[in-house]
Each structure stands twice: as structure tokens, then as C-alpha cells.
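> Fold the stuff below for me.
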Amino acid sequence: MLLFVSVLWGGGAPVLADPQEVAVSRNHHILWKVQSSHNTIYLLGSIHVLQEKHYPLDHHLYEAFNQASTVMFEVDLDGLSSPLSQMQVLKKGLYLNGQNLQQVLSTDSYEAAKAHFAELGFNIENFHRMKPWMAATAVTALELRKLGFESGLWCGPAFF
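Below is the predicted model of the structure:
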């Protein structure tokens, strides 16, 4: 953490004025504010899917984003939508060697997954080429969507 803060300060050892975790608001988020005599850094813990009812977000979040000269995410959100990134995910997440879920999962795990997909209204055979982690991600996304959550509600410049 100190290295991360140091890099954002432009190198050298940062001089922190009593750094502390400060819960800026208690409304469904964790926002920390770290200050020095010449800089402020906000760190935000987030969940990447929300329901429309969660908007607008707490005003403290908008204030922190509006005050920031630079916003950094743990992933490059724009890069994730590029064709190259999507191809890489498919390359890592699909069986390209003829294997499938039924072959790599134990019989009990496969039957449990098959039943779970059926509960969601899907045939597991449509997901056979996916590696277990990708099939689990797909199931999670399907379940969240069924509950009214969307991953793209806040992403993009409109949020800032």
C-alpha cells in the first residue's frame, strides 16, 4: 500500500499527515481518503454489479471522482471490450482441444452443475466448451441478471 501511495505521489517517500481509514459515508460503500500536505488519494472498495435502485450513488463518491485529476481502476475497463481482449478471454476460457465440462468435472460436480443450469433455464450442453471457471462466471452473470443486477450501469464517462 505504501509503495502504491508513493508511486502516486510521484516517487520518493510520501509524507503522510496522520494517514487513516476514513469512512466518508456509511451508505453501502467503503471510501478511504489519504492525504499529505500536497496530495489527496481516495481508495474505493466496490462491487462491479448494481441494480438501478442503487442510483444515484452517495454524493461523497461523486465528489471524490469530481475532485480527482486521475482515476485508476484495477482493470482497464475500455480494454476489456476490445476484440483482442475478448479473444484472449475466449482463448483462456474455452476448451480448444476437444475436451468439455463433462469430461473434466467429476460425475457429482457435473450433475450438480447440470441441475443448476436447468434451474436457470439453460442446457449445460450449451456451455460444454467452457472451462469450469468460465462456466461458473457465466452462471454468476446469469443469476445476477435474473436478480436485476447489471454490470455496465455505471461504467464509462457518464459516471464521472
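
> Which of the helices and strands in this protein ranks last by mean pLDDT?
Of all helical and strand segments in the chain, the minimum by mean pLDDT, DSSP states H and E falls on helix 2-8, at a mean of 36.

> mind exporting the helix or strand that it is followed by as CSV, just the C-alpha atoms?
The element immediately downstream of helix 2-8 (helix or strand, assigned by DSSP states H and E) is strand 30-35. C-alpha atoms of strand 30-35 as CSV (Å, rounded to 0.1, in the frame of the first residue of the first chain):
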residue,chain,number,x,y,z
ILE,A,30,-16.1,2.0,1.6
LEU,A,31,-14.2,5.1,0.6
TRP,A,32,-10.9,5.9,2.2
LYS,A,33,-9.2,9.3,2.0
VAL,A,34,-5.4,9.5,2.4
GLN,A,35,-3.9,13.0,2.5
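
> Going along the chain, name the helices of this structure.
2-8, 59-67, 77-80, 83-93, 101-104, 107-119, 132-146 (DSSP state H).

> Make a markdown table from these and add distance to residue 33 and mean neighbour count to it.
(Each C-beta comes from the backbone N, C-alpha and C, glycine too.) Putting the helices of the chain into a markdown table (distance: least, Cβ to Cβ, whole Å; neighbours: other Cβ atoms under 10 Å) gives the following:
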| stretch | distance to residue 33 | mean neighbour count |
| --- | --- | --- |
| helix 2-8 | 12 | 12 |
| helix 59-67 | 8 | 14 |
| helix 77-80 | 23 | 11 |
| helix 83-93 | 32 | 11 |
| helix 101-104 | 46 | 14 |
| helix 107-119 | 42 | 13 |
| helix 132-146 | 30 | 15 |
